[in-house]
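**Q** Any chance you can model this:
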Amino acid sequence: MRSVTRVLLAAIAILSSGCTGGGSPAGGAAVPGIDPASRLDLDGGRVTIFSPRGWRRAPRSSDSLVRYQAAPQVAYPSVVVVAADPPEGFVEVTPENHVAFVTAITARIVEGDGTSVLRTPERALVGPHRAATWSAVGEAKLDGRPRKIARECTAVVVAGRLYTVEAWEPRDKVGGPAREAARAVAASLSLPTPNESPDPEAEAGPPQSHAEPPAATD
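**A** As a prediction, the model looks like this:
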C-alpha cells in the first residue's frame, strides 16, 4: 500500500499540463453518441443525464443514479453514474483550479483504497466539463457471483455536486465501447431545463437491480 500511495502522491506533483477532449456544449442534442430523447433529471432534480445511443437503462439500484447496459440481460459492459459531494472548495471546476481539482481527487483516492488504481487521475476536457479521469480495478457482483472488472472513471462538478461516470468492462476487454459511451454521458451532464419534460420514471425508476457496484480489489 505504501508504494501505491507514493505513486499516487507523486502523480499529484507532476500533473500533466495538457488536456484532452473537445469543448462542445452539454445536452443530449449537442453531444455525439447520446440519445437526445433519453433525458433524465436525477439527483433530486440537480442534474440532467442522457443515455448513450443504442444502450438500455438498467433497472434502478440504490447505489447509483443510473446504469446503462449495452445489451439487455448482459451486465457488462455498463456505464454507471454516481453522485457525491465534491472535495471541499470545488463548487465548480475552472481553468484556474483544474489542476487543484485533480489533486484533490487524487488525494481522495489515496485516502480511500489506492491499491485499486491502474492509471492515476489526469486532467481532461469532456464536452464542456473540466474533468478528472483515471482507471481502477474493481469487483462487481451479478446474482451473487463476483467478477473482476476494469473501471474507467470520469469525474466532473455540476452545480456544486460531484458526478462520476464509470465504464465497467471485464478486465480482458478494456478499451471497448463502454469507454466512449461513458465519456459521452459525462459530456451530456448539465443543469435541468425547467421548460423541458424529462422521463417520468427519472426519480421513481424501475425495480431494483441485482447488479452491485464494484468494490476495489488488488
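
**Q** Helix, strand or coil: sort out Arg108 for me.
**A** Classification of Arg108 using DSSP: H, G, I helix; E, B strand; the rest coil returns helix.

**Q** need the strands for the chain, in chain order.
**A** Along the chain, the segments classed as strands by DSSP state E run 40-42, 47-49, 56-57, 66-71, 74-84, 117-126, 129-142, 145-158, 161-170, 215-216.

**Q** bridging residues for the spatially most central residue of the chain?
**A** The chain has Val165 as the residue nearest its centroid, 1.0 Å off, counting by C-alpha atoms, centre = their mean. On the basis of DSSP bridges, Val165 is bridged to Val81, Thr154.

**Q** Is it in contact with Thr133, as I believe?
**A** No: counting by C-beta atoms under 8 Å, Val165 stays clear of Thr133, with 9.7 Å between them. Where you see a C-beta, it was placed from the backbone N, CA and C, and this is true even at glycine.

**Q** Pull up the overlap in contacts between those two.
**A** Shared contacts of Val165 and Thr133 (C-beta atoms under 8 Å, 6 or more residues apart in numbering): 153-155.

**Q** Now render the residues you listed as TSV, adding distance to His129 and pLDDT.
**A** Shown next, in TSV, are those (distance: C-beta to C-beta, whole Å; pLDDT from 0 to 100):
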residue	distance to His129	pLDDT
Cys153	14	96
Thr154	8	97
Ala155	9	98
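
**Q** sorry, back to before: look up how far Gly176 lies from the residue nearest to the centre of the chain.
**A** Distance check for Val165 against Gly176: by C-beta to C-beta, to the nearest Å, it reads 16 Å.

**Q** Reformat the strands of the chain as a markdown table; add distance to Ile34.
**A** Formatted as a markdown table, the strands of the chain follow (distance: least, C-beta to C-beta, whole Å):
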| stretch | distance to Ile34 |
| --- | --- |
| strand 40-42 | 12 |
| strand 47-49 | 10 |
| strand 56-57 | 13 |
| strand 66-71 | 11 |
| strand 74-84 | 11 |
| strand 117-126 | 12 |
| strand 129-142 | 14 |
| strand 145-158 | 14 |
| strand 161-170 | 12 |
| strand 215-216 | 29 |
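
**Q** Can you give me the neighbour number for Leu191?
**A** Close neighbours of Leu191, defined as other C-beta atoms under 10 Å, add up to 14.

**Q** so who does Thr133 touch?
**A** By C-beta under 8 Å, 6+ apart, the neighbours of Thr133 are 121-122, 124, 126, 152-155.

**Q** at 7 Å instead, please
**A** Listed by C-beta atoms under 7 Å, 6 or more residues apart in numbering, the contact set of Thr133 reads 121-122, 124, 153-154.
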